[in-house]
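J.: Predicted model, plus sequence, below.
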There are 2 protein chains.
Amino acid sequence: MEQSKKVILTGDRPTGKLHLGHYVGSLQNRIKLQEEYKQFILIADVQALTDNFENPEKVRNNVIEVALDYLAVGLKPDLNTFIIQSMVPELSELTIYYLNLVTLARLQRNPTVKDEMQQKGFGTNLPAGFLIYPVSQAADITAFKADLVPVGGDQLPMIEQTNEIVRRFNYIYKTNALIECEALVSDIERLPGTDGQAKMSKSLDNSIYISDTADEIARKVKGMYTDPSHIRVEDPGKVEGNPVFTYLDAFDDDQEKVKELKEHYQRGGLGDVAVKQRLTDILVSTFEPVRQKRVEFEQDKDAVMKMLFDGTKKAREVAAKTLADVKKAMLLEYA
Amino acid sequence: MEQSKKVILTGDRPTGKLHLGHYVGSLQNRIKLQEEYKQFILIADVQALTDNFENPEKVRNNVIEVALDYLAVGLKPDLNTFIIQSMVPELSELTIYYLNLVTLARLQRNPTVKDEMQQKGFGTNLPAGFLIYPVSQAADITAFKADLVPVGGDQLPMIEQTNEIVRRFNYIYKTNALIECEALVSDIERLPGTDGQAKMSKSLDNSIYISDTADEIARKVKGMYTDPSHIRVEDPGKVEGNPVFTYLDAFDDDQEKVKELKEHYQRGGLGDVAVKQRLTDILVSTFEPVRQKRVEFEQDKDAVMKMLFDGTKKAREVAAKTLADVKKAMLLEYA
């Protein structure tokens, strides 16, 4: 039974608590997938360090926060395997071997890395660790023999890079040790920040966290960006690029009502305060139980860490098996 | 007592049997140093794969050959720690963490890598694994807490790169986990190939191996390049750039006699055949006992492998301790 389930690899860099953008973009999907698939969920502390190496406290402190978020939203330890990346040294070994199969030119051509390099403003000070992180991701994906990797459309180059490595490895070393993966592309639009920016980001202070209290949610929704030309209630307002409506699209179960509200807002006569109140109510009713569950788990952080260790141990066995196959194919099996 | 000995890290890429160039350039030195220092000798199979990844058989087969050469020349297992690099996964982990501390620009500026890139003709197809090998060397050196690293003058940039990583790591992570190393620069001139080329190299077929028989030595010396304008015995000949004399400089215990021969050769009247005969006699008397010892060790390859495993196990404990310190400093110590 267990064996016939397809394997998914997914995860997060532990650089902050998870927010509603994570919820809409991936957590909801994982909750849906957890019954049908064997899901490995990687808390990628090693990868987080590639661009946070000068801030190890941030990475360290957020490992448990991310785990609490997972449990709070309903990801179950008996259905998923949670992994602390740095506790699986096999991933480093695989990365080192895969690096021989990827050229510098190929790494520099990776569109996702290129974009992120620009965003992060590394300039000529690009850390080599950051440059090679797609290879480290290939190690993660292949180590756990993932069939499927949920990604946003902008991460497709990562899957391509992984499968290139898989094909090259299997060809050079005449083996089937590695398997190709498929992207599970999410069609969900990205949730904008409360300020209307394209995405929620800790540094922009435009995020609503899964762990926010009802008061924090109310305060953040109250301060949300809307249509700046919608000044008086009777003015017609825009719903495109208005994050309040994008959030309602994402969280309101009554989409008929949302349609109605949008029409009303567009023709004028519907105030921001009223729409925001509806959004607050919906978010609070959705996330207050999540927060309460999170508080419960927080009471016993040791148990949460133990769950991570148990998952990591299980995952490590899978990775060790893959590494053994890889080293055997490379004739590095001595004993 | 043991603790007070300074630590040396040295080693070879297992890409071929060792030759007289290795003997003069490093093995002799190691034999001299083995009593006074705690010497870690790394058989760098992982590093060898960075530019031999398509030829794993070569690397695999030469691990034992290199080990046999070590034992044959008199490197003692009770005085040295022999290590198979791929069996110390801690080195991969350290490499991954160090990669965050080195920029791509810095790697591309490394003069040794630049030269080798040109020599090997990688062009734009430079494997990322090859580009980063100085970081992997830094992992080797620091893992075993080496105080001293014997290098040729052209490898000084490697030591610099290592110490840069050490200082950066200790500074960022507020630790003394890593120690700087010093180069032990050898003043020995490089032994040219039998064809007069700057160095012995398997691909040029201009090497005399430590494991060569007396007949092979005689044949190779007979075919050695000398002064091409020294045609008749009575012609004056050049000793500069004449490998026969360079070899006599390196191997003849009677340097007074060598001086005399050189003068005779230069003024004319000394034939190549006579000088080569002397060189053959000296090489055979030096290396025939080595070869016989090697044949003895070859009789029990399992014992040689066991010696490598024992050394690797001991070395791994040291590397694991360093890695633990490194991960602790990076706040990656969870359990």
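T.: Arrived safely, thanks for sending. Residues are numbered from 1 along each chain as shown, chains lettered A, B, ... in the order given.
J.: farthest residue from the center of chain A?
T.: A:E234 (40.3 Å; CA atoms, centre = their mean).
J.: Show me which positions of stretch A:51-60 end up buried.
T.: Neighbour counts over stretch A:51-60 (16 or more other CB atoms under 10 Å in any protein chain shown) mark A:D51, A:N52, A:F53, A:P56, A:K58, A:V59, A:R60 as buried. From N, CA and C alone the C-beta is placed, and that goes for glycine too.
J.: same for chain B: which of those residues are within range?
T.: When contact is defined as CB under 8 Å from any CB of the partner chain, the buried residues of stretch A:51-60 meet chain B at A:F53, A:P56, A:V59, A:R60.
J.: re earlier: got CSV for the buried residues of stretch A:51-60, with pLDDT and secondary structure too?
T.: Formatted as CSV, the buried residues of stretch A:51-60 follow (pLDDT from 0 to 100; DSSP: H, G, I helix; E, B strand; the rest coil):
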residue, pLDDT, secondary structure
A:D51, 91, coil
A:N52, 95, coil
A:F53, 96, coil
A:P56, 98, helix
A:K58, 97, helix
A:V59, 98, helix
A:R60, 97, helix
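J.: now, among the residues you listed, which is nearest to B:S186?
T.: For the buried residues of stretch A:51-60, the minimum distance to B:S186 (CB to CB) is 35.3 Å, reached by A:F53.
J.: tell me the contacts of the nearest residue to that closest one once chain neighbours are set aside?
T.: Excluding the flanking residues, the one nearest A:F53 by CB to CB, 6 or more residues apart in numbering or on different chains is B:N100, at 3.9 Å. Taking CB atoms under 8 Å, 6 or more residues apart in numbering or on different chains, we find B:N100 in contact with A:L49, A:T50, A:F53, A:P127, A:A128, A:G129, A:F130.
J.: One more: A:T162?
T.: By CB under 8 Å, 6+ apart, the contact list for A:T162 reads A:P134, A:Q137, A:A138, A:I141, A:T142, A:V149, A:E180, A:C181.
J.: and what of A:E234?
T.: The contact partners of A:E234, by CB under 8 Å, 6+ apart, come to A:G268, A:G269.
J.: And the residue farthest from the centre of chain A, how far from B:V73?
T.: From A:E234 across to B:V73, the span is 95 Å (CB to CB, to the nearest Å).
J.: just A:G223 next, same as before
T.: Computed as CB to CB, the A:G223 to B:V73 distance reads 76 Å.
J.: what's the neighbour count on A:A214?
T.: For A:A214, the neighbour count with other CB atoms under 10 Å in any protein chain shown is 15.
J.: Can you give me the buried ones in the helix or strand harbouring A:V318?
T.: Assigned by DSSP states H and E, A:V318 belongs to helix A:301-329. Buried residues in helix A:301-329, counting neighbours by 16+ other CB under 10 Å, are found at A:304-305, A:307-309, A:311-312, A:315-316, A:318-319, A:322-323, A:325-327, A:329.
J.: sec struct for the closest residue to chain B within the stretch 201-335 of chain A, please.
T.: Nearest residue of the stretch 201-335 of chain A to chain B (CB to the nearest CB) works out as A:L331 at 4.0 Å. Three-state assignment for A:L331 (DSSP: H, G, I helix; E, B strand; the rest coil): coil.
J.: In contact with the residue nearest to it when sequence neighbours are not counted, which residues?
T.: Residue nearest to A:L331 in three dimensions, not counting chain neighbours: B:R60, with 4.0 Å by CB to CB, 6+ apart. B:R60 is in contact with A:L331, A:L332, B:D45, counting by CB under 8 Å, 6+ apart.
J.: Surely the first one touches B:P56?
T.: Okay, so that is A:L331. Yes. Contact criterion CB atoms under 8 Å: A:L331 and B:P56 qualify, at 4.4 Å.
J.: okay, now the closest residue to A:V166 other than its chain neighbours: neighbour count?
T.: The shortest distance from A:V166 to any non-neighbouring residue, by CB to CB, 6+ apart, is to A:L178 (4.3 Å). By other CB under 10 Å, the residues close to A:L178 number 26.
J.: pretty sure A:L178 is touching A:F169, no?
T.: Yes. Judged on CB under 8 Å, A:L178 makes contact with A:F169 at a distance of 5.3 Å.
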